[in-house]
Each structure stands twice: as C-alpha cells, then as structure tokens.
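Asks: generate coordinates for the sequence data below:
(chains A and B)
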Amino acid sequence: MSNEIAVQHGVIPHEVHEHHDVHHHHETFITKYVFSQDHKMIAKQFLITGIIWAIIGGLMSVLFRIQLGYPDVSLPWLEDIFGHWAKDGKIQPEFYYALGTMHGTILVFFVLTAGLSGTFANLLIPYQVGARDMASPFMNMLSYWFFVLASVIIMASLFVQTGPASGGWTVYPPLSALGDASQGSKIGMDLWLVAMAMFVVSQLLGGLNYVSTILNMRTKGMTMTRLPLTVWAILFTALLGILSFPVLFSGFILLLFDRHLGTSFYLSDIVLGGNILPNEGGSPILYQHLFWFLGHPEVYIIILPTMGLVSEVMSINARKPIFGYMAMIASMFAIALLAFLVWAHHMFVTGMNPFLGSVFVLLTLLIAVPSAIKVFNWLTTLWRGNIRFTPGMLFCVGFVSMFISGGLTGIFVGNSTLDMHLHDTYFVIAHFHIVMGVSAFMGMFAGVYHWFPKMYGRYMNNTLGYIHFWVTLVCAYVIFWPMHYEGFAGMPRRYYDYSGWESFKHFVELNRVISFAAILSFLVQLLFVYNFFYSIFKGRKVTSQNPWGANTLEWTTPIRPGHGNWPGEIPEVHRWAYDYGKDGKDFIPQTEPVGKDESTH
Amino acid sequence: MTWTEYFVVIILVLIFVVIFQIAKASEYVSVLKGEKKTFEQNNRINAFLMLVFLVVGLAAAWWCNKILYKKTLLWLPAASEHGEKIDTMMWITIAITGIVFILTQILLFWFAYKYQASEKRKAHYYPHNNKLELLWTVVPAITLTVLVVFGLYYWYKITGDAPKEAMEVEVTGHQFGWEYRYPGKDGVLGRQYYKLTDAAKGNPLGQDWKDVANHDDLHPSELHLVVDKPVKLIIRSQDVIHDVGLSHFRLKMDAVPGTPTTMWFTPKYTTVKMKELTGNENFVYEISCDQMCGQGHYSMKGTIIVETQEEFDKWISAQKPQYATAHPDAAPAVAATTAPAVADSVKAATNAEPKAEH
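Replies: Next up, the predicted model:
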C-alpha cells in the first residue's frame, strides 16, 4: 500500500510509492483518491472537507466577534477584502447577520454532523465490527459526493450579490420566506435550502449504510454487547438522523413552496413595508415544529458520536474498562429516544399552549438523568486508573468538563419558567456552544489524535497537541463562561450593536475580552490544522501494530491496511472491548479467547 | 493594510514558526532521551496542569462573579410579580446546579491528577457496580423532579389567565419598531383585518372602522403602564416573527404574524423608582426584540413608562383616537364627542383617587 493521502481541495499527494500485495482490484488515481469506495479513504475525505469548513466557519466567527468586541473601530483591510459588505472598514449589519447565520449552518451541519459522523462512522464501523467495508461502498461514496455537492452550493451562496442566508441558522419564516424582508432571503436563501436538501440526501445515504453495516456485518463472535461504545454511539446517531432528517426536508420543501409557488403554509396576515400580501391561514409556528423535530435530535446527532469516542479513548488511556458499559448503552438509548420528544422546548415563548409546554419541560429535564449517568460513569472510569495523558486523553478530560458545564445550564433553559427570562439571550449562546460546540469539538479532537496513527500510519506531534489542548480549554471558558452573566442581564443574542441600549450597553469591555479570546482560540486551531497536514507527510512513523495497547479490532490490521482491511481472514471476537487491567494483564484484545481460569464480572 | 497590521501579521507568523520549531525539536529530544522518559515527564506536567487548571479555574470563576454580578439583573429585584417567581426559581436552580458543578469538576480534575500513570500502581479493574449506578440514576431523578415541580408550579401561575381587572394593551411589531393600541373608554379593542392596513390613510394597524369599538381606540407612541395594576399585552406582528422581550420584568413572548399571543404581568416599580433602585438616572424600561427579524433587529427598541395611576390618567387623556386621525373630515364631530368622553370616563373610573394636577 502507499501512504494514504486524501486529495481533495488542493492537497496534492507527493509521495505515492511501494505497492504491496493486497487482494483487491487494480486502483487508479481517481478510484483511489477521488471516487473512492474504501471506507477509510471516505472517512479521510469527510475529515479533510470538515476541517476546511471548520476553518471557514471559525473565520466567520472571528469576523463577527471583531464587530462585537470593537464596534467603533474601523479596519480598512476589511473593506479591501469584503468591499461594500465592510464599508468604511466596518462590518455592515447584513454582513454581520450573514456571517452569524453561515457560521451556525456550517458548524452545525457541515462540520459537526458531516465532518464528525462522516469521519468516524466510516473509519470505525468496518474496523471495529470486523468488516472489510461498508454494506454498500457505492452508497457510501455517493453520501460523500452529495455532501460535496451541498458544500459547493452553500459555498456559491457566499458569492451571490445579495449575499447568503442571513436570518439565523434556523431560517424561521416569514423572514426566510419573503425576499423583501431581508437581503439574505433572496437567492442566497434558495441556495441554502437546495444545499441543505442535498445535505439531507447525503445524511440518509450515509445513515442507512451505517445501520445496515452495524447490524449485519459484524464478524464472528461480535455480539451487540461486545461492540465498542463508539459503534453503539454511531448506531444511535444514525438512527436519529434517519428518522428526523426527512422531517426537516419536508419543512424545507414547504418553505420553498411558500417562496416560489404562492402557497401559504407558513404565511398569514402579512403587511411588509406597506405591501399587503395575499397569504392567509398559514402558521409560521408549523415551520418551527418541523425544524426542531430535526433540530433537537440534531444536537444529539452531534454529541452522541463524541460520547462514544470519548468513552473509548478514555478507557484505553486510563487502562481501565469503561465503567458501566451496559448503563452507557442504556443511557445513550434513553437520550436517543427522548431526543424525539423534547423539540418544543425551543418554542416555550412562541405562544404555545402552556400545558403542551409543561409536557416538554418534563421530558426535557428527564434527559438530564441519562446525561448525569454518563458523567458519573466517566468520572468513575478515571477513578483508580493509571492515566496516560496523550493529546487524545487530554481532550477527553476537556470534553467531560465542558459537558458538565454546558449540561447543567441546560437545566436552566429547559425549564420554561426560566426560559422566559433567558430565551434568546447570551445565556443560550453560552449553553449550546459549551455543550454541543466545544464539547463536540473536544470529543472530535480526541478521536482525531487517537486514530490518526490508524488513518495515516504516523503520529501527530505531541507538544503541539498539548499546546492545542490547554489553550483551547482555557479560551473556551474565557469566551463562554462570562456570557452566562450577559444572559442574566437579559442581553439578547443576534444583535449587531448594543450601544443604543441602556439595558445592555455596559458589556463593551467584556465583549472585547471575549473577542480577544475567540481570536486567540481560532489561531490555536490553525496550529492543529498545521500539525494535522504536516504529520500526514512528515509525522513520526508508527512502528507497532497496536501503539496504544488497545483491545479493539482496528489495531489487529496492518499499520497501513489496504482495501479490505485484513490481509487474511477477518479475526474472530471472543470478549468485550474493555478488558483493561484484568487479572493483572495490561490489556486483553477482543480476539483473545477467554482463558479457563479467567475471572468473570 | 497599515504598517501596524502588517507588523501584527508578521509577529503572528513568527510566533507560529517558533512554536512549531520547539514542538519539532521536542520530538527529536524525546528520541534522544528515550520514549519512556519523555512520556513520564510529559505525563507529570499534564497531570500537574490538571490540578492548576482546577484551582485557577475555580478562582477565576469566583473573580468573574465578583466583577460581573453587579452588571446582571441578579441583584436587582424583579420589576414584576411574575419576575419574582422567576428569580426564586433561578436561585433554586443556581444553587443545585452550582453544587453539582463544583463537586463534579473537582472530582474530574482531581482524579485526573491523582491517578496519573505510575509504575507503582496498577489500574483497578472495575467494570460496573449496580448499586452505584442506581444511586446516580435515582438521585438526579429526584433532584430533577423537584426542579420540574417548582418550575411548573410557577409556569402555570405565570401563564394562567390574567385577572379580570387587568388593563389590556395591544403591542404590534413590525420591521423595525413597535406600535401600541389602547382600547379607549369602552375597554374593547376594535376588530382588525390586515388587508385594511393603510398607513397613508391613517390606519397603520388595519383597524376596521365599521366596528364602533375602534372609534375610541388610542394609538400612542409610547407604552405607559400603571404600577401595581395587572396588564395584559395582546401581541401581534405585521410581517415577520418578533419578540417582546422585557428583561427587567423577566418576561418574553413572541409576536407571530397571523396568530396573536398574550402575556400578562403586574409592574411593581415605577420608572422613577427603578432609577433609584438601579442608581442609574438614565434607567428606562426597554422592550428588546428577541427574535431575529432582519437587519435592523438590533435596533428594534420600545420604551415602557411605568407610572402612578394619576400620571397615567393625565397622559392617556391627552391622547387622540386613531379614528380622528384617519377621518379628518369627520374630525370636528368625532373629536368633539369622543376625545373628551375618554377623558371623562377615565376620570370617572378613578374618582376615588386624588385628581391629577393640571
């Protein structure tokens, strides 16, 4: 096999050498690097596309944080780059709102859904269940290329004259339905909807594949209760996506109808700028129900895979079994189930029936129970371990810390009584960025550092990893912790400028500190990006098959596996994935038969 | 770009290069020193940083609270009775989550530090313990039940029906401002139909002039409320979704086109009193739009003046019905009959109160 290098978006392979014998068909450059059907290559494609999107989405947040932190400063270079969007060196309101909207869309969907699930589901499912590839490698490839199509369309929307969608990532109608209501609701909004439709197709193709592979293609001996938690997490994630993305899709189609075919699904009684519209009888709240029926499961689609990654990496590096394996599965199942029953907690102040609201309060706060179980299980996994602080492990600890902080504030906003005060304030921004933004990134980084040797046969640089972790952790708290206080002051989110408000204008200095930390944390992520690409080509080479001393099947493959993963037979599995430190042995791989005098648990 | 900006970029690039070179060098050093020794050294440093982060982090959180607390509304009494309930609920939640936060974060970073890899110790094989797991299922479940019960108790109080004596005011949002309508002497807001909206003809709210209840409706430019008197807001939107955000009253309700919503509360402090309480002589109750509504969203502000009954009576009696504005021909007649009648009725209603000074 050659060094595996992903080749999209201008990353040109410069050392392709030594073809070993692996029993598979002849590969050309195109089938190997571009239209690849190998799960490992598709995983890398998803990851690198995700990294590129993360840089773009992160840069957008830097730009709008410049506006929030330095509302009075004029930066001529902004005008040099962005023209009339940054007239006189100041970010204009339309630009500000477009940046915020696209930051949300890109990070939530393109990075933390496609980039995250796409990478680790593709990489780990066949490896860890013991399969040569996905159930349908072709569908898998289509899934990636639909994602690319969605990416191209959304990228194109950044360059249209009226700008991309700008009504917030939730694109609530009527604002998003009426081109006259906002610049971003013109052609940019159509492109956004079409891109998202393609994205849903990509997710469904991927999700169906993940589920069928996990259920049908496990190797001999790999019962469901022997699966690593990563695979369980991905299974629940995929099921959530399959059941909820179509609802979002229908919501978008109705929105397109309202925009172009004169229907009134979401429109009623509208006088826009003196113009009386004919639509009557629709309800904008219908859209919110359809949107949040995906929108809420979506946050679990983001966080569940990282819970799996963290459980796995933490157990390996604590040299201890994950505590409460069955409880971990049960709590993920509970989270996945409840994820479908809490969507309207985003809508407590829409005028919804208070009784309905109270049902959603109950179900929402119920989710805290499985979440608490998971946190305590992670803490107990660390207890009396023998912890190796690899960069992956550091990010696991960071993940748990962030998940606790963000999870607890969910108890505030999930309670309708408090939500009346905190809804759409900076408290909410702090809550969801910590619990599904930073946490998910921490989990994803843990996964990338940990499985990088498996992906590229090389290590990432540790020192850069340590710097990356510590600066990211500190910056994340500096950015989001004080935002809770802004929320307690009722400071609304999605404001371009607070200087005109007697109630909120006293946070100028704080906003400057937050912006500074945000920019610093963005720069540190570039250090990671550099480390990632540099290490693909020049990282320290992996010399042992199982560098972390891990139990799962991916570490029984060659250091640089070919298409098909195992040169010979697929190994048989005899035990669960977490026999670390059992009977005085450091670790016992899943492939090792159970000994006669082995203790049972 | 200016020279300073180029300079900043160059400095940043240099810092990058230096960090990278150090990182690269440390990799070579580790080869020379031996992997094992380097690993042990790095592990000790990272474990120690865990402890540092815990201590410094908790201290920083305390310090952050110290400097920011006074900038929030937490220390200021809520300006409505509903807001008091919300504040109580807030403090209950802060107390419970605060305890859990501190305990779990301490455990997390302390375990990370204490159980760092060591030759002397072996990891303890501890795959599960049903009693423990039951414990941390039941305890959070009970705690959350308490929060749900409190929360819903207050929620129903707040979203329940407004008292009969509540004053009704209609608040209508549009890009990017608020309109207010008072029912006038009959106490009834007249019928509306959005297709009748015609700002040029003095009918910005689409009032149906055939409904006589509309003839005395007032359309002032500010929202005036009476202290200690319940008020029910009927909230509408003309174009996109807006939100009536009242941070000092701790309340919020969306304005949805096609579906009027309501929200009621009882203001507790006049604007003058709030100036005293906040120590800010520029204090004003602001309505902030809390639902993204377009590029002027951040400037969609309304002003509420909470005052005594006398002040309110004086103010409202000076307002003219919108009907008069919309029908300038009929104006003399209407003005003659309706406007004084409003003033009369208000006075009549507040006969027992001391008369406002004229």
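Asks: now find how far off-centre stretch B:239-248 is within its chain.
Replies: 9 Å (CA atoms, centre = their mean, to the nearest Å).
Asks: OK, contacts around residue 115?
Replies: Because you didn't say which chain, this covers chain A. A:46-47, A:49-51, A:53-54, A:444 (CB atoms under 8 Å, 6 or more residues apart in numbering or on different chains). Backbone N, C-alpha and C define where each C-beta goes, glycine included.
Asks: meant chain B actually
Replies: Residues A:318, A:382-387, B:121 are the ones in contact with B:Y115 under the rule CB under 8 Å, 6+ apart.
Asks: how close does the residue nearest the centre of chain B get to B:E276?
Replies: Nearest to the mean C-alpha position of chain B, by CA atoms, centre = their mean, lies B:S247 at 4.5 Å. Noted for B:S247: a distance of 18 Å to B:E276, by CB to CB, to the nearest Å.
Asks: for the residue nearest to the centre of chain B, report the pLDDT, please.
Replies: Per-residue pLDDT puts B:S247 at 96.
Asks: surely it touches B:S288?
Replies: Yes: using CB atoms under 8 Å, B:S247 is in contact with B:S288, at 6.8 Å.
Asks: what residues sit buried inside the helix or strand where B:K131 lies?
Replies: Counting by DSSP states H and E, the element that carries B:K131 is helix B:130-159. Counting neighbours by 16 or more other CB atoms under 10 Å in any protein chain shown, one finds that the buried residues in helix B:130-159 are B:132-133, B:136-137, B:140, B:143-144, B:147-148, B:150-152, B:154-155, B:158-159.
Asks: same for the following helix or strand past it, what does it pack against?
Replies: Next along the chain after helix B:130-159, taking DSSP H and E as the criterion, comes strand B:167-174. Using 3 or more CB pairs under 8 Å, 6 or more residues apart in numbering or on different chains; DSSP states H and E, the elements in contact with strand B:167-174 are strand B:177-181, strand B:223-226, strand B:231-237, strand B:242-246, strand B:251-255.
Asks: helices or strands up against the one helix or strand A:G50 maps to?
Replies: Following DSSP H and E, one finds A:G50 within helix A:39-69. Judged by 3+ CB pairs under 8 Å, 6+ apart, the packing partners of helix A:39-69 are helix A:93-105, helix A:116-129, helix A:137-157, helix A:439-456, helix A:508-538.
Asks: what's the mean pLDDT across the third one?
Replies: Model confidence over helix A:137-157 averages 96 on the pLDDT scale.
Asks: buried residues, that helix. List them.
Replies: A:137, A:139-151, A:153-155, A:157.
Asks: now the fourth one
Replies: If you call a residue buried by 16+ other CB under 10 Å, then helix A:439-456 has these buried ones: A:439-456.
Asks: looking at the helices and strands packed on helix A:39-69, spot the one closest to chain B.
Replies: helix A:93-105 (4.4 Å; CB to the nearest CB).
Asks: what packs against that closest one?
Replies: Packed next to helix A:93-105, using 3+ CB pairs under 8 Å, 6+ apart, are helix A:39-69, helix A:187-216.
Asks: got TSV for those helices, with mean neighbour count, distance to A:D597 and mean pLDDT too?
Replies: TSV is the format used below for these (neighbours: other CB atoms under 10 Å in any protein chain shown; distance: least, CB to CB, whole Å; pLDDT from 0 to 100):
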stretch	mean neighbour count	distance to A:D597	mean pLDDT
helix A:39-69	22	39	96
helix A:187-216	22	33	96
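Asks: and those: which comes nearest A:P164?
Replies: Closest approach to A:P164 among the helices and strands packed on helix A:93-105 is made by helix A:187-216 (4.3 Å; CB to CB).
Asks: can you tell me if the closest one touches chain B.
Replies: No: using CB under 8 Å from any CB of the partner chain, helix A:187-216 never reaches chain B; the gap is at least 12.6 Å.
Asks: how far does that helix sit from its chain's centre?
Replies: For helix A:187-216, the distance to the chain centre is 14 Å (CA atoms, centre = their mean).
Asks: for the next helix or strand after it, which positions count as buried?
Replies: Remark: after helix A:187-216, the chain's next helix or strand is helix A:229-260, criterion DSSP H and E. Judged by neighbour count (16+ other CB under 10 Å), helix A:229-260 contains these buried residues: A:229-245, A:247-249, A:251-252, A:254-256, A:258-259.
Asks: ditto for stretch B:198-206
Replies: For stretch B:198-206, by 16+ other CB under 10 Å, it's B:203-206.
Asks: would CSV of the residues you listed with secondary structure and distance to chain A be doable?
Replies: Shown next, in CSV, are those (DSSP: H, G, I helix; E, B strand; the rest coil; distance: CB to the nearest CB, whole Å):
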residue, secondary structure, distance to chain A
B:N203, strand, 11
B:P204, coil, 9
B:L205, coil, 9
B:G206, coil, 7
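Asks: find the pair from those residues with maximum spatial separation.
Replies: Counting by CB to CB, the most remote pair of the buried residues of stretch B:198-206 is B:P204 and B:G206, 7.9 Å apart.
Asks: which residues are common contacts for these two?
Replies: B:197-198.
Asks: show me which helix runs longest in chain A.
Replies: Counting by DSSP state H, the longest helix found in chain A is helix A:284-318.
Asks: is there any residue in the next helix or strand after it that contacts chain B?
Replies: Using DSSP H and E, the helix or strand that follows helix A:284-318 towards the C-terminus is helix A:325-339. Yes: shown here: helix A:325-339 in contact with chain B (CB under 8 Å from any CB) through A:325-327.
Asks: deepest in the core, which of the helices and strands packed on strand B:167-174 is it.
Replies: strand B:242-246 (a mean of 28; mean count of other CB atoms under 10 Å in any protein chain shown).
Asks: B:H224 and B:Y180, how far apart?
Replies: 9 Å.
Asks: now do the helices in the stretch 451-600 of chain A.
Replies: Remark: helices assigned in the stretch 451-600 of chain A by DSSP state H, counting those that start in this stretch are A:462-488, A:508-538.
Asks: what's the neighbour count on A:G281?
Replies: By other CB atoms under 10 Å in any protein chain shown, 10 other residues sit near A:G281.
Asks: can I assume it sits in a helix?
Replies: No: judged by DSSP: H, G, I helix; E, B strand; the rest coil, A:G281 forms no part of a helix; its state is coil.
Asks: pretty sure it sits against A:D269.
Replies: No: in this structure A:G281 lies outside contact range of A:D269 using CB under 8 Å: 9.0 Å.
Asks: which neighbours do those two have in common?
Replies: B:G258.
Asks: and the strands in the stretch 251-358 of chain B?
Replies: B:251-255, B:261-265, B:285-289, B:301-307 (DSSP state E, counting those that start in this stretch).
Asks: could those go into TSV alongside distance to chain A and mean pLDDT?
Replies: Putting the strands of the stretch 251-358 of chain B into TSV (distance: least, CB to the nearest CB, whole Å; pLDDT from 0 to 100) gives the following:
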stretch	distance to chain A	mean pLDDT
strand B:251-255	5	96
strand B:261-265	3	96
strand B:285-289	5	96
strand B:301-307	7	96
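Asks: okay, the ones you listed, which one's buried deepest?
Replies: Counting by mean count of other CB under 10 Å, the most buried of these turns out to be strand B:251-255, with a mean of 26.
Asks: can you give me the neighbour number for residue 313?
Replies: With no chain named, the answer covers chain A. The number of residues near A:V313, taken as other CB under 10 Å, comes to 25.
Asks: that was the other one, I meant chain B.
Replies: 20.
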